[in-house]
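K.L.:
Test case, fold it:
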Amino acid sequence: MSARALRPLLASYGGGHVQIVAALARAFAARRDAPDIIGFTTAHAELGRQGIAAQPVSALLDPAEDAEWVALAGEFTTAATHPDIPVEETRAYFALGLRDLAQAQGREAALARVRREGRTAFEPVNTMRRYLRWTRPDIVITTTSPRFECALQKAARLEGIPGLAVGDLFLVKDRAWILQEGYAPHLAVLSAEVARALVTDGFDESGIRVTGNPAFDRLAPGPGDAARRDVLRARLGLDDRTVILFPAPGAQMSMIGRPFLQMTDVVASLEDFCRGDPRYAYLIRAHPNRPMTLPGDARYGMLDDGSLLGPEDAILVADVVCVEASTMGLQAALTGKPVICVGFADYVLYPEFGLGRAAADMAEAVAILRAGQAHAVAGFEMPPLGSASANVLAYVDEILLQHADSNSPNQTYGEAQ
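P.N.:
Next up, the predicted model:
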């Protein structure tokens, strides 16, 4: 776009969203741009594990201005809540949220609200405006999470800095803030169907690009995939079986308050099915947040605690994937694997988008397997796997050219609107 390196600000929470930021960080670095990266909550540690230099939440603090709020945040942050989040970072997160609330509502009202609502009360737009004035990035890029990410996008708009939000999946619940006034004017989405739905709901069509999800670039097929699949399956003793992959959940309860299946029940169902049809075997992939073991009498499957296969290799090894709410279900569907969505089709929406079969429970999932009715997806309107990061960077360049053309030479970049 120009001779000088771009200075984008990239920020996200953890989970699947930080994988988007990681992919974009590598893409920007490959063309010698200079991204400033912030990892909220678990994202900071995950970026570090990937060798990506990122700043923690505490980088947003001003030691002098925020000392009072850090002290008050101690009421809500007495112990670490996750191994990837030091208590000091949680305290910084609450301090920044409290600071903004107190500016808007007064100190006592802010404290009372956080006691009632916890972190869901936070959207620290003023704090984010302060950080943007310190750093003056060329563009603000986040994923589509609420709270701090949403605040960054609103702050960028107030500061006259272009903002781009990069979506991960179908952006259904995210529309509650994506469609708010003041949110990012530019949006990169997974598929054409997602784009059409957002335009129907009121997002400006000129501000949407179908790019795919950068986190899925590593799923792109490679010339050595078939040979690698054969090697991995032989190593696991599964070379002569039809392999059912079941990614285990990371908690007992889903984010919508619906309990996940007990893994002992899942294993029992799969054991019974494979006992009746020895052409099949199953592979349970344990979630890193929730270690597990197989029952001692399990005979027809195996457990991967993450030490045997990475997520992409687990999908490569599998022939069919059963999921509850795991993103691995979508990843598998996009690589052409049949997917059965057990119990959460109305939440993850894979079947609604033609990306799998819905099953109310394991009994129905087994019936679908037994009848050979699990089929690969066809016709999902998404750019080719492997192209999303490049597509997003091309959109960034387009946004910045538009921004340069729409501003007079005398306007200060970052001037409040």
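K.L.:
burial measure for residue 38, as a count.
P.N.:
A total of 23 residues lie near residue 38 under the criterion other C-beta atoms under 10 Å. Every C-beta, even on glycine, is put in place using the N, C-alpha and C of the backbone.
K.L.:
And for residue 232?
P.N.:
17.
K.L.:
Report the buried residues of the helix or strand where it lies.
P.N.:
Using DSSP states H and E, residue 232 sits within helix 225-235. Of all the residues in helix 225-235, those buried under the rule 16 or more other C-beta atoms under 10 Å are 232, 233.
K.L.:
Following element in sequence after that helix, please.
P.N.:
Heading C-terminal from helix 225-235 (DSSP H and E), you reach strand 242-247.
K.L.:
other SSEs contacting that following strand?
P.N.:
Packing contacts for strand 242-247, counted by 3 or more C-beta pairs under 8 Å, 6 or more residues apart in numbering; DSSP states H and E, involve helix 263-276, strand 280-285, helix 311-317, strand 320-323, helix 328-334.
K.L.:
among these, which is nearest residue 195?
P.N.:
When the helices and strands packed on strand 242-247 are compared by C-beta to C-beta, helix 328-334 sits nearest residue 195, at 16.7 Å.
K.L.:
What ranges does the stretch 101-250 of the chain have for its strands?
P.N.:
In the stretch 101-250 of the chain, the segments counted as strands under DSSP state E, counting those that start in this stretch are 139-142, 163-166, 186-189, 208-210, 242-247.
K.L.:
Residue 27 reaches residue 214, doesn't it?
P.N.:
Yes. Between residue 27 and residue 214 there is a contact under C-beta atoms under 8 Å: 7.3 Å.
K.L.:
Now the common contact residues for these two.
P.N.:
Common neighbours of residue 27 and residue 214, using C-beta atoms under 8 Å, 6 or more residues apart in numbering, are 389, 392.
K.L.:
among the helices and strands packed on strand 242-247, which is the most enclosed?
P.N.:
Scoring the helices and strands packed on strand 242-247 by mean neighbour count under mean count of other C-beta atoms under 10 Å gives strand 320-323 as the most buried, with a mean of 28.
K.L.:
contacts for that one?
P.N.:
242-247, 315, 328-329, 332-333, 337-342, 344, 348, 350, 356, 359, 365, 369, 374.
K.L.:
out of those, which are buried?
P.N.:
So, by 16+ other C-beta under 10 Å, the buried ones in those are 243-247, 315, 328-329, 332-333, 337-342, 344, 348, 350, 356, 359, 365, 369, 374.
K.L.:
just to revisit the earlier point, nearest approach to residue 319 belongs to which of the strands of the stretch 101-250 of the chain?
P.N.:
Nearest to residue 319 among those is strand 242-247 (4.7 Å), distances taken as C-beta to C-beta.
K.L.:
what lines up beside the closest one in the sheet?
P.N.:
strand 280-285 (parallel), strand 320-323 (parallel) (DSSP bridges).
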